[in-house]
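Visitor: Model the structure of this input:
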Amino acid sequence: MSGGRLTQSERRQIAQGLADNLPYAAIARRLDRPTSTITREVMRNGGPTDYRADQAQRATERRAHRRAQPAPRGQESLVTGNGRDAEAVRHYEETFTTLLMHQGMSRSMARVLTCLFTADAGSLTASEVVQRLQISPPSVSKAIKALEIQGLVRRESDERRRVRYIVDDNVWYQATVDSARGMAQVAEITRQGVDVFGRGTPTATRLENMARFSDFISETILQAAARGREVLYTKPETSSENSRLIS
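Guide: Numbers count the residues shown, from 1 in each chain. Sure thing, here's the model as predicted:
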């Protein structure tokens, strides 16, 4: 399987594959590349409808140039803190961002949420997000606002009266509960249509089935969240603890 960075020729083949409506896996097989490489390449460069090979090539060259520049003063610890492999961290963050984009987030929202998730403190100020991602303050503000609306981020003031944006266990739990409640609302609305369109008609039957399905999913999610909530507040066992349990 091929390694290294994508070439301009490969990017043109990706663009052609997208134009032919090929799935990412098929394009990956053509290029002898992992599917994740193709997915990440497309999603970070406009998505399947706006991907352009030449633009993607130029964007990659710009990113490579920025990474070659020395980190701004005060940013070194953010990039290579705790002795971590900076390149491995960057690759992981790109993978996480791509996953969130596949789930419907805009690129800026996905990047900001990934940034917060991967911060050791689990919280950052707006200026720290700007510094880490090298994007404009308005872009961060817009992304944060959208994430707050979805219940994925909360804010609080620290001891220096700075606003910090936080992702924690409770936020993740609450977002799951809100998702289940959203499904319950779908069930309620679709069930209202049963009488409107006449019980027993094809439309009413379809709506009733949607309502029953949505009810089932909502109840299942709420039950699972309640049972699994303690997992969010339980620290992972250390290797030594695992060894004792095994022995």
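Visitor: longest single helix anywhere in this structure?
Guide: Ranked by residue count, the top helix of the chain under DSSP state H comes out as helix 202-232.
Visitor: So which bits of that one are buried?
Guide: Using 16 or more other Cβ atoms under 10 Å as the burial criterion, the residues of helix 202-232 that qualify are 204, 207-208, 210-211, 214-215, 217-218, 221-222, 225, 229. Glycine gets a C-beta too; all of them are placed from N, C-alpha and C.
Visitor: Which one of those residues is nearest to A119?
Guide: R229 (23.0 Å; Cβ to Cβ).
Visitor: Check what pLDDT the closest one gets.
Guide: Note for R229: predicted pLDDT of 81.
Visitor: Same question for P137.
Guide: P137 carries a pLDDT value of 91.
Visitor: Give me the neighbour count for it.
Guide: For P137, the count of nearby residues is 11 (other Cβ atoms under 10 Å).
Visitor: residues contacting it?
Guide: By Cβ atoms under 8 Å, 6 or more residues apart in numbering, the residues touching P137 are A126, S127, V130.
Visitor: one more time with 7 Å
Guide: Applying Cβ atoms under 7 Å, 6 or more residues apart in numbering to P137 gives the contacts A126, V130.
Visitor: Against I166, how distant is it?
Guide: According to Cβ to Cβ, to the nearest Å, P137 stands 19 Å off from I166.
Visitor: Next: T39.
Guide: T39 sits 29 Å away from I166, going by Cβ to Cβ.
Visitor: Compare the two and say which is more crowded by neighbours.
Guide: T39 (20 against 16).
Visitor: Name the SS class of the more buried one, please.
Guide: Using DSSP: H, G, I helix; E, B strand; the rest coil, the structure places T39 in helix.
Visitor: what does the model give it for pLDDT?
Guide: In this model, T39 is scored at 86, pLDDT.
Visitor: nearest residue to it other than its sequence neighbours?
Guide: Distance criterion Cβ to Cβ, 6 or more residues apart in numbering; nearest residue to T39, sequence neighbours excluded, is Y24 at 5.0 Å.
Visitor: and that neighbour, what does it touch?
Guide: T35, I38, T39.
Visitor: Would you format those residues as a markdown table with distance to R29 included?
Guide: Listed next are the contacts of Y24 as a markdown table, based on distance: Cβ to Cβ, whole Å:
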| residue | distance to R29 |
| --- | --- |
| T35 | 9 |
| I38 | 10 |
| T39 | 13 |
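Visitor: Closest one to N170 out of these, please.
Guide: N170 lies nearest to T39 out of the contacts of Y24, by Cβ to Cβ, at 31.0 Å.
Visitor: That closest one against L99, yeah?
Guide: No - applying Cβ atoms under 7 Å, one finds T39 not in contact with L99, separated by 9.1 Å.
Visitor: Based on its surroundings, how many neighbours for M183?
Guide: M183: 19 surrounding residues under other Cβ under 10 Å.
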